[in-house]
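1. sequence and predicted structure are below.
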Amino acid sequence: ASPAARPAKLGSARRTTIAMLLGQLLFASLSFTAPPHQLRSTKLPAVARSQLPRMDGDSDPLETVKKSWGRFQDARNQGYSVKQALADVVAGEYDVGAVQTRVQEEAKSAPLVLFTWEVSPSCKKALELLEVAGAKPKVIRLDQPWSEGNKKRAALGRLTGKSSVPSVWIGGRYVGGCDDGPSDTAPGLVKLAFSGRLNQMLDEAGALKMPAPLPASAPKEEPKMEVPTE
């Protein structure tokens, strides 16, 4: 290569190296919030190709990482937690107001609504607890598809202060996750159950299963009166 071409090649190699390093940092951060299926591969190139946030039209990997880092910083500057900022990064660009309106409508679409991931142990535990309580929830999967679910999860986190799943709503009101929640008014299902408030909330919202009707009994025959004969 000519001497004039060397600086350009060095610059390109440096940018790629920086992008890979930032990508590694981002991937390490995503391990705290990313869906389980996104963390199965330990090889960064495969993850970078399929899981790290992408923007349509970007041909420069460094530019993609820079935009993701900018989105992370924007969320932090707005006062959101690190987990919420990372959820925003995973979600990518989306209309926050529109998605928040959508998830609020879905949260009010049934007496009991759970936003879940199928493989999440906490989601499975929450469903088992509600089954024991005699409740029938409407389940909205955030992994069908992930491209939409990640946006919903980020929007839910901004609305509730908790971006993890499950996101549990009773009577249109957010009550936390399974084991915990962001506040005393939304402490999570387990704490609500131990405090004795869960069944009352489910009952008031109309989320408890109706008891099966008792089988109809056969009508009783009236005893026949015997008329004495002369």
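-> All right, it came through fine.

2. show me what secondary structure element comes after the lowest-mean-pLDDT helix or strand in the chain.
-> Every helix and strand in the chain was compared by mean pLDDT, DSSP states H and E; the lowest is helix 44-50, with a mean of 37. The first helix or strand that comes after helix 44-50 along the chain, using DSSP states H and E, is helix 61-77.

3. for that next one, buried residues please.
-> For helix 61-77, the buried set under the neighbour-count rule, 16 or more other Cβ atoms under 10 Å, comprises Pro61, Leu62, Thr64, Val65, Lys67, Ser68, Arg71, Phe72, Ala75. Heads up, the C-betas are built off the backbone N, CA and C, glycines and all.

4. any idea of the mean pLDDT for that helix?
-> Averaging pLDDT along helix 61-77 yields 88.

5. now the angle between helix 61-77 and the next helix or strand after that helix, please.
-> Using DSSP H and E, the next helix or strand after helix 61-77 towards the C-terminus is helix 82-91. Put simply, helix 82-91 runs at 140 degrees to helix 61-77, going by axes from the mean of the first three to the mean of the last three Cα atoms, to 10 degrees.

6. show me the shaky parts of this structure.
-> Applying pLDDT under 70 to the chain picks out residues 1-59, 211-230.

7. name the element the nearest residue to Gln100 once chain neighbours are set aside belongs to?
-> Using Cβ to Cβ, 6 or more residues apart in numbering and skipping residues adjacent in sequence, the residue nearest Gln100 is Ala155, 4.6 Å away. Taking DSSP H and E as the definition, Ala155 sits inside helix 146-160.

8. same check on Asn199?
-> Going by DSSP H and E, Asn199 is part of helix 198-205.

9. and that helix, what does it pack onto?
-> helix 121-133, strand 167-170, helix 189-195 (3 or more Cβ pairs under 8 Å, 6 or more residues apart in numbering; DSSP states H and E).

10. how about the helix holding Ala155: buried residues?
-> 146, 148-160.

11. also stretch 189-202?
-> Neighbour-count burial for stretch 189-202 [16+ other Cβ under 10 Å]: Leu189, Val190, Lys191, Leu192, Leu198, Met201, Leu202.

12. from those residues, pick the one nearest Leu112.
-> Nearest to Leu112 among the buried residues of stretch 189-202 is Leu202, at 6.6 Å by Cβ to Cβ.

13. wait, the closest one sits on Ala133?
-> Yes - under the criterion of Cβ atoms under 8 Å, Leu202 makes contact with Ala133 at 6.3 Å.

14. need the residues touching each of those two.
-> Leu208 (Cβ atoms under 8 Å, 6 or more residues apart in numbering).

15. quick one on the thing from earlier: hmm, who's touching the helix holding Ala155?
-> Under the criterion Cβ under 8 Å, 6+ apart, residues 35, 37-38, 80, 83-84, 87-88, 90-92, 94, 96, 99-100, 102-104, 115, 117, 140-143, 162-163, 165, 167, 174, 182, 186 lie in contact with helix 146-160.

16. okay, and which of those residues map to strands?
-> The strands, defined by DSSP state E, take in Phe115, Ile140, Arg141, Ser167, Tyr174 from these.

17. which of the residues you listed sit farthest apart?
-> So, the ones in strands among the contacts of helix 146-160 by Cβ to Cβ: farthest apart are Arg141 and Tyr174, at 18.1 Å.

18. comparing these two, which residue is more hemmed in?
-> Set side by side, Arg141 and Tyr174 show more neighbours around Tyr174, with 22 against 17, by other Cβ atoms under 10 Å.

19. okay, and the beta partners of the more buried one?
-> On the basis of DSSP bridges, Tyr174 is bridged to Trp169.
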